[in-house]
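Output the structure for:
(one chain, ligands or ions: 1)
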Amino acid sequence: MPSPRSSRERRAGGSSGRLEFLSLSQRGPAAPDSPSRRREPAGAAAAPLPEEDCMKLNPSFVGIALSSLLAIDLWASKRLGVCAGEGSAWGSARPLMKVIEVSGHGIPWLLGTFYGLCQSDSSAAREVLLNLLFALLLDLVMVAVVKGLVRRPRPTHNKMDMFVTISVDKYSFPSGHATRAALVCRFVLRHLVLAVPLRVLVVLWALIVSISRVMLGRHNMTDVLFGLLLGYALYGVVEHCWLSPATAPALFALWSH
Ligand SMILES: CC(C)=CCC/C(C)=C/COP(=O)(O)O
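Okay, the predicted model is just below:
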């Protein structure tokens, strides 16, 4: 058990010779000879402040950095939301942005992959498309889980006129389009043999889909950045769990003609 002397020394800086600083939130341990200290009955410890008061008066460096980052994010995202409405600065580009939005939507990707799977006549194509289907479904589930946990509302300047959404799509963190764009981009570059110009186009498409989320006012920049990271990481999971005739024979038997 610490002695009264050692605890007093700890609070007042003790005899260690180290400087100590008192913030506004630590009113209790005033200097030993200050008036507030003298008013305390002997032996009485200062009443601890409620934690939320301390947070307000003495926010941590990380807290300040995070709130500043979020404030910059909201401000910059609003300024970049130039296609958020017909009356916005680049409102006339909104229809084009919405076409780009559809190109990264889950429905065309799921239907297209499923159709390709049904039409595929080589086992290599079947394997790749089955894994793409798995990747797209995993992406949908992960985005829904994170959106449901974080519950960050969409930017106030967003018009909720998106093509087919599910309930968690009222939330914005992370951007499902950005995760899909990053995941599909990595997948396609790895598993499709494409000429260099096409590979460049795939990367450009992923970037344009991501940027268009902020321009349309659907997302803040941090939603899109996190979405890109999540999609990139999800590809790693897909590759780790890669489905093949050896690991999932029943699944492949379904698709063999
Ligand atoms: C209904 C299906 C199958 C997918 C929903 C796709 C969708 C609407 C995602 C939301 O994307 P953002 O989070 O980028 O706005």
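
List the residues that contact residue 123.
By Cβ atoms under 8 Å, 6 or more residues apart in numbering, the contact list for residue 123 reads 245, 252, 256. All C-beta atoms are positioned from the backbone trio N, CA, C, and that covers glycine.

Select only the buried ones of these in ChimeraX?
The buried residues among the contacts of residue 123 can be selected in ChimeraX (16 or more other Cβ atoms under 10 Å) with this line:
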select :252
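
Now the contacts of residue 123 in JSON lines, please, with extra columns for pLDDT, secondary structure and distance to the ligand.
Below are the contacts of residue 123 laid out as JSON lines (pLDDT from 0 to 100; DSSP: H, G, I helix; E, B strand; the rest coil; distance: Cβ to the nearest ligand atom, whole Å):
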{"residue": "245", "pLDDT": "91", "secondary structure": "coil", "distance to the ligand": "28"}
{"residue": "252", "pLDDT": "87", "secondary structure": "helix", "distance to the ligand": "24"}
{"residue": "256", "pLDDT": "73", "secondary structure": "coil", "distance to the ligand": "27"}
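
Of the contacts of residue 123, which is the nearest to residue 98?
residue 252 (37.7 Å; Cβ to Cβ).

Correct me if wrong: that closest one contacts residue 245.
Yes: judged on Cβ atoms under 8 Å, residue 252 makes contact with residue 245 at a distance of 4.5 Å.

Where does the prediction get shaky in the protein?
1-58, 257 (pLDDT under 70).

That one against the ligand: which residues are in contact?
105-107, 140, 162, 164-166, 169, 175-177, 213, 218 (Cβ under 6 Å from any ligand atom).

and the longest helix for this protein?
helix 123-150 (DSSP state H).

what residues are shared contacts of residue 252 and residue 245?
Applying Cβ under 8 Å, 6+ apart, one finds that residue 252 and residue 245 are jointly contacted by 123, 127.

Taking the centroid of the chain, which residue is nearest it?
For the chain, residue 226 is the residue whose C-alpha lies nearest the centre (Cα atoms, centre = their mean; 3.5 Å).

ok, it to the ligand distance?
Counting by Cβ to the nearest ligand atom, to the nearest Å, the separation of residue 226 from the ligand is 11 Å.

need the strands for the stretch 151-257 of the chain, in chain order.
Using DSSP state E, counting those that start in this stretch, no strands are assigned anywhere in the stretch 151-257 of the chain.

all helices for it, in order.
176-191, 196-215, 221-240, 249-255 (DSSP state H, counting those that start in this stretch).

quick one, which of those helices is packed in tightest?
helix 176-191 (a mean of 23; mean count of other Cβ atoms under 10 Å).

how far off helix 221-240 does that one point, in degrees?
With axes from the mean of the first three to the mean of the last three Cα atoms, to 10 degrees defining the directions, helix 176-191 sits at 40 degrees from helix 221-240.

and helix 176-191, C-alpha only, in PDB?
Only the C-alpha atoms of helix 176-191 are listed here, as PDB (Å, rounded to 0.1, in the frame of the first residue of the first chain):
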ATOM      1  CA  GLY A 176     -19.200   0.300 -51.000                       C
ATOM      2  CA  HIS A 177     -18.400   1.500 -54.500                       C
ATOM      3  CA  ALA A 178     -14.800   2.300 -53.400                       C
ATOM      4  CA  THR A 179     -14.300  -1.200 -51.800                       C
ATOM      5  CA  ARG A 180     -15.700  -2.900 -54.900                       C
ATOM      6  CA  ALA A 181     -13.600  -0.800 -57.200                       C
ATOM      7  CA  ALA A 182     -10.400  -1.600 -55.300                       C
ATOM      8  CA  LEU A 183     -11.300  -5.300 -54.900                       C
ATOM      9  CA  VAL A 184     -12.400  -5.800 -58.600                       C
ATOM     10  CA  CYS A 185      -9.400  -3.800 -59.800                       C
ATOM     11  CA  ARG A 186      -6.900  -6.000 -57.900                       C
ATOM     12  CA  PHE A 187      -8.800  -9.100 -58.900                       C
ATOM     13  CA  VAL A 188      -8.900  -8.300 -62.600                       C
ATOM     14  CA  LEU A 189      -5.300  -7.300 -62.800                       C
ATOM     15  CA  ARG A 190      -4.300 -10.500 -61.100                       C
ATOM     16  CA  HIS A 191      -6.500 -13.000 -62.900                       C
END
